[in-house]
Each structure stands twice: as C-alpha cells, then as structure tokens.
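Visitor: Turn this into a structure:
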Amino acid sequence: MTAALLIAALWIAFAGSHMVLSSRSLRPKVIAALGDDFRFQGLYSLIALGIFVPLVTIYFRHKHEGPYVGRLIETPGLRWLMFIGMGATFAMAVAGLLRPSPAAVVPGAAEVRGIYHVTRHPVLMALGLYGLLHLCVAAINATELAFFAGFPLFVLIGARHQDQRKLASSPDFKRFYEATPFLPFARPSGVLTALREQPFPIAIGVALTVALRWFHPVLFGP
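Guide: You can find the predicted model right below:
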C-alpha cells in the first residue's frame, strides 16, 4: 500500500471512529460499560491519538511521494492570503478552545458569544481551513493531497454529525444551532462581534501565527 493510500485509510478510520463512538446508539452503552463519562472521554481520546499520531508520522516520513499534482503558490497574492488565513485559523482555534462549544463531545454553555458569531465549530473549522490553505501553498504530490485534503473532509463530515447528534438530544442546542453559522465568515458582521467579545484569545491566535511563521522554515521547511 502506498503512503497516500495508507493516509487516506487512516483518515477514514479517524472519522469513522469519531462518529461511531459518539453516536446516540453506541455512546450510552460504552459509558454504561465503563462506568462514567470521564472514562469514556479517556477511551475516546486514546483511540483518536492512536490513529492520528500514525497518520501524521506516516505523512512526515513520506512527504512529496507519489505522482506530482501541482502547486499554486506562484499565484499573485496567494502567499499573503495564506498568512491572513492562518491568522484566522489560530484565532478560531484558541478562541474556541477557551470557550468550549455546546456541539463538542464535552459541551460548553449554549451561549452565542465571541467566536461563535463566526462559526459554531471554531476548532474543527480551524483544522479544515489549515488543510485547505496548505493545499494551496504546498508542492502537492499524492501524499500531500491525501494528508491535507483529509482535514476539510473530516471537518465537514464530523461537524455535520455533531450537529445532528446534538439536535436530536438537546433542546438548548437547537437555539444555538439556529443562531450560529456553520461555515466560518458566512456572516461578515460576526467577525467584528467576535473581535469585540473575545479580543484576547483572538490576539493570542494571531501572535501564535506570527511565531510559527518565523520558525516554520526550521521546523517544517519553507
């Protein structure tokens, strides 16, 4: 099996394990068998890490393998769009982690504040945007295509699954669902509201972007 096919298979296993374990039919049974939700979260995390760590390891061991697909970075202005997009990526991730979503496996309060004016899945959407942006600037071989394309595909499938599961089990989530956009930046006014209500987490995310860009050539290459 080529590295690209193995990466694709691991993405399928990663997404499948998330959806199966968190499904309304299986999750209560697993929690009952383990004794409490805390142990379930531990099992859920171990399985996720057990798939995701090999996925990342295989990619870094086999970068630039397989047929060459192309590269877009020479497009005028794309590099600056990448920098801005990565700033948005880290800002969404930090703001979402500091204010957990009610759609998450461990739900937070169903309150539309801060980053949730931008998207109701900020951490997941940050991962998806990360993958899309790297597809734009990387030299894309089959391995890069399988690895980076897996992020937005997993995010779209996983976020939809989260929404449907929560809508079926939580009346409070329905109100949150109706008041928040799925895709980021679908409501331009939401960005300004998020900046006003969560300025420090967003600033931290932007600062992390600058730091990572500075060290990127040393850690990951140009």
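
Visitor: where does this structure dip in pLDDT?
Guide: Scanning the chain for pLDDT under 70 picks out the ranges 1, 70-77, 105, 138-139, 218-222.

Visitor: Helices of the chain, residue ranges please.
Guide: Using DSSP state H, the helices of the chain run over residues 3-21, 27-34, 37-61, 78-98, 122-137, 142-169, 171-179, 188-197, 199-219.

Visitor: Name the residues of the last one that are buried.
Guide: The neighbour-count criterion (16 or more other Cβ atoms under 10 Å) identifies Pro201, Ile202, Ile204, Gly205, Val206, Leu208, Thr209 as the buried residues of helix 199-219. From N, CA and C alone the C-beta is placed, and that goes for glycine too.

Visitor: any chance of those in JSON lines, plus distance to Arg39?
Guide: Formatted as JSON lines, those follow (distance: Cβ to Cβ, whole Å):
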{"residue": "Pro201", "distance to Arg39": "30"}
{"residue": "Ile202", "distance to Arg39": "35"}
{"residue": "Ile204", "distance to Arg39": "32"}
{"residue": "Gly205", "distance to Arg39": "32"}
{"residue": "Val206", "distance to Arg39": "37"}
{"residue": "Leu208", "distance to Arg39": "32"}
{"residue": "Thr209", "distance to Arg39": "36"}
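
Visitor: Looking at those residues, which is nearest Leu127?
Guide: Each of these was checked against Leu127 using Cβ to Cβ; the closest is Gly205, at 13.5 Å.

Visitor: Identify the residues contacting that closest one.
Guide: By Cβ atoms under 8 Å, 6 or more residues apart in numbering, the residues touching Gly205 are Gly87, Thr89, Phe90, Ala91, Met92, Ala93, Val94, Ala95.

Visitor: Using neighbour counts, trim those residues to the buried set.
Guide: Buried members of the contacts of Gly205, counted by 16+ other Cβ under 10 Å: Gly87, Thr89, Phe90, Ala91, Met92, Ala93, Val94, Ala95.

Visitor: so which of the residues you listed comes closest to Arg120?
Guide: Closest to Arg120, out of all of the buried ones among the contacts of Gly205 and judged by Cβ to Cβ, is Met92, at 11.3 Å.
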